[in-house]
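Novice: pasting a predicted model and its sequence here:
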Amino acid sequence: RRLVKANMLRSILCLAALLSASAFHHGGMLPLSRSSTPRLRAAQAHSRPQTRKHATMPRMAFDMEALIQQTKDKRLEHLEEQAMFALKQVDNFQNAVFPNAMIAGDCVITHLLHRLGYLESGKVKIMVVDTFHLFPETMTFLNELEKHYKFKAEVFQAVGCADKAEYDKKFGADLWKIDIEQYDKVCKVEPFQRGLKTLNTDVMINGRRRDHGFERAYIDLFENAPIGGGLAKINPLAYWTFEDCFDYITKYKIPIHPLHADGFPSIGDAKDTVKVPEDGSVKFVDYKFVGKKAEWLDYAAERKGRFTGLANKDGSAKTECGIHVAGAERTFDRDLWEDGKSKVKNLSKNDAIKITSAGKDALVVTYAPWCKFCMGMEEELEKFASQYGDKIQVLKYRGDEDREFVQETFKAKSFPTISLVTKDGQVKVLEPSSPEVRTVENFKKFTNV
């Protein structure tokens, strides 16, 4: 009887082991031994999930390039719709102006405006600033655009100059080498602002994009500039990339600047614009890229061929021409230290001539209203004049239109220049710090009030 019970217990344990092994095998953890019974193995095969058959089926065809292109097409379709929506807002204004530099993005906007009928109807005026330093191909290309889209551009240049010869005679051919800020003011900022004012602009369209660089990384489709009580800005390509621009150009086969085919991603003044890379190995020819297009299309790469070899007064690399920098439009509507409101008094040329013999101490700022450093010190000088104006005269003289005079009278070599004219007729200049910081304490220490 004990033997029978032992054999029965042994049989039960063996069966349990077999069932346990089956469970593990079903979970994919432990293979069955070869000694498994045929009936048990057949049962396992019947109960096993039918996944192997699907795993061995051929995969569906996957055309990655086609899917990428479809995605890009959908993206461009959305961007076009967005840009059209932005541009249609000019219907809410009387005098819409598009300052056009004829770079790739501007060519896209020109075509969008044409599609909306705004160019031929004259609803949007095209404005061009001729710096007299552009590539010869640029103005020729403008003539082609005028014929193609049936519009006539409004062209503005340095004041009082009809051509490069007159400019050289009045300002000097090397002004941009001597004083880049003065060059920007004379050739870009002043004509730009005068153009907007002449055309009574109440809304301005421009081609700035977020991918141009960190200076433009947060611009939106719509902005408001403090010009004439408020000038609306439309940036229809704000969310586009440089690649999107070329995708659009290719889609519609629109006219673009011929220098793109010669290796220039962006086109500005001939004096400081270079090919990228400099060997010209990347080009856009017949609506196709030649070479390593990432050289052009990487973030902020479009403008890396611009302003080559130029630096701002603080030593930083130059990335903006002065038209679009913060505050560049400010002087369109007002001067710095405005007459009637400011404690800093305006100094006429006649009084400036006599100041060294006036027998009084005076602090004189020689300034240019478009200069960002002058703007930056406006508040501090105003505070100084309010606090210490009873002890010393605080005066301003606009020197950007009379450079030789201010150099001779106030020893001004740049803007701003802070000069102390003492009662005995001496002129001392406050040397700028690096970086340039001018505060009430600086002025107080310099004048010893």
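Specialist: Happy to help now that I have it.
Novice: mind listing what's buried in the strand or helix carrying residue 375?
Specialist: When secondary structure is defined by DSSP states H and E, residue 375 falls within helix 372-388. Taking 16 or more other C-beta atoms under 10 Å as the basis for neighbour counts, the residues of helix 372-388 that come out buried are 372-375, 377-378, 380-382, 384-385, 388. All C-beta spots, glycine's among them, are computed from the backbone N, C-alpha and C.
Novice: ditto for stretch 79-92
Specialist: The neighbour-count check on stretch 79-92 (16+ other C-beta under 10 Å) flags 79-80, 82-83, 86-87, 89-90 as buried.
Novice: what residues does that stretch touch?
Specialist: The contact list for stretch 79-92, computed with C-beta atoms under 8 Å, 6 or more residues apart in numbering, reads 96, 109, 112-113, 115-116, 118, 123-124, 203, 205, 221-222, 234-237, 239-240, 244, 248.
Novice: just the residues you listed: which are in strands?
Specialist: In strands, defined here by DSSP state E, the members of the contacts of stretch 79-92 are 96, 124, 203, 205, 222, 234.
Novice: pLDDT below threshold where in the stretch 101-250 of the chain?
Specialist: Judged against pLDDT under 70, the low-scoring parts of the stretch 101-250 of the chain cover residues 225-230.
Novice: can you pull out the helices in it?
Specialist: Under the criterion DSSP state H, counting those that start in this stretch, the stretch 101-250 of the chain contains helices at 104-115, 118-121, 136-149, 164-171, 175-178, 180-184, 190-198, 242-252.
Novice: break the protein into its domains for me.
Specialist: The chain is divided into the following domains under automatic domain parsing: 2-43, 68-305, 336-447.
Novice: make JSON lines from those domains and add distance to residue 62 to it.
Specialist: Supplementary listing: these in JSON lines, determined by distance: least, C-beta to C-beta, whole Å:
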{"stretch": "domain 2-43", "distance to residue 62": "28"}
{"stretch": "domain 68-305", "distance to residue 62": "12"}
{"stretch": "domain 336-447", "distance to residue 62": "54"}
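Novice: tell me the contacts of residue 248?
Specialist: Applying C-beta under 8 Å, 6+ apart, one finds that residue 248 lies in contact with 76, 79-80, 108, 111, 254.
Novice: what's the distance between it and residue 336?
Specialist: 41 Å (C-beta to C-beta, to the nearest Å).
Novice: how about low-confidence regions in the stretch 301-449 of the chain?
Specialist: Within the stretch 301-449 of the chain, the set of residues satisfying pLDDT under 70 comprises 303-334, 372, 432-437.
Novice: which residues in it form strands?
Specialist: Defined through DSSP state E, counting those that start in this stretch, the strands belonging to the stretch 301-449 of the chain, from first to last, are 345-346, 362-367, 393-398, 417-421, 427-429.
Novice: just want the angle from the helix or strand encompassing residue 79 to helix 104-115.
Specialist: With elements delineated by DSSP H and E, residue 79 resides in helix 64-87, which encompasses its position. Using axes from the mean of the first three to the mean of the last three C-alpha atoms, to 10 degrees, one finds that helix 64-87 and helix 104-115 are set 70 degrees apart in direction.
Novice: how many degrees apart are helix 64-87 and helix 242-252 in direction?
Specialist: On the basis of the same axes, to 10 degrees, helix 64-87 is oriented at 90 degrees to helix 242-252.
Novice: centre of the chain versus helix 64-87, how much separation?
Specialist: 22 Å (C-alpha atoms, centre = their mean, to the nearest Å).
Novice: begin at 42 from here
Specialist: I'll keep to 42 as the first residue from here, and by that count the last item is helix 105-128.
Novice: if I look at the residue nearest to residue 294 when sequence neighbours are not counted, how far off is residue 467?
Specialist: Taking C-beta to C-beta, 6 or more residues apart in numbering as the measure, residue 294 lies nearest to residue 328, with 6.3 Å between them; neighbours along the chain are not counted. As for residue 328, its distance to residue 467 is 67 Å (criterion: C-beta to C-beta).
Novice: these two: which is more packed in?
Specialist: Taking residue 328 and residue 467 together and counting by other C-beta atoms under 10 Å, residue 328 has the greater number of neighbours (13 against 9).
Novice: what about residue 162, how many neighbours?
Specialist: Counted with other C-beta under 10 Å, the neighbours of residue 162 add up to 11.
Novice: what's it in contact with, if anything?
Specialist: Contacts were defined as C-beta under 8 Å, 6+ apart; by that measure residue 162 touches no other residue.
Novice: the residue nearest to residue 294 and residue 292 touch, don't they?
Specialist: No - because the distance of 9.0 Å does not satisfy C-beta atoms under 8 Å, residue 328 is recorded as not touching residue 292.
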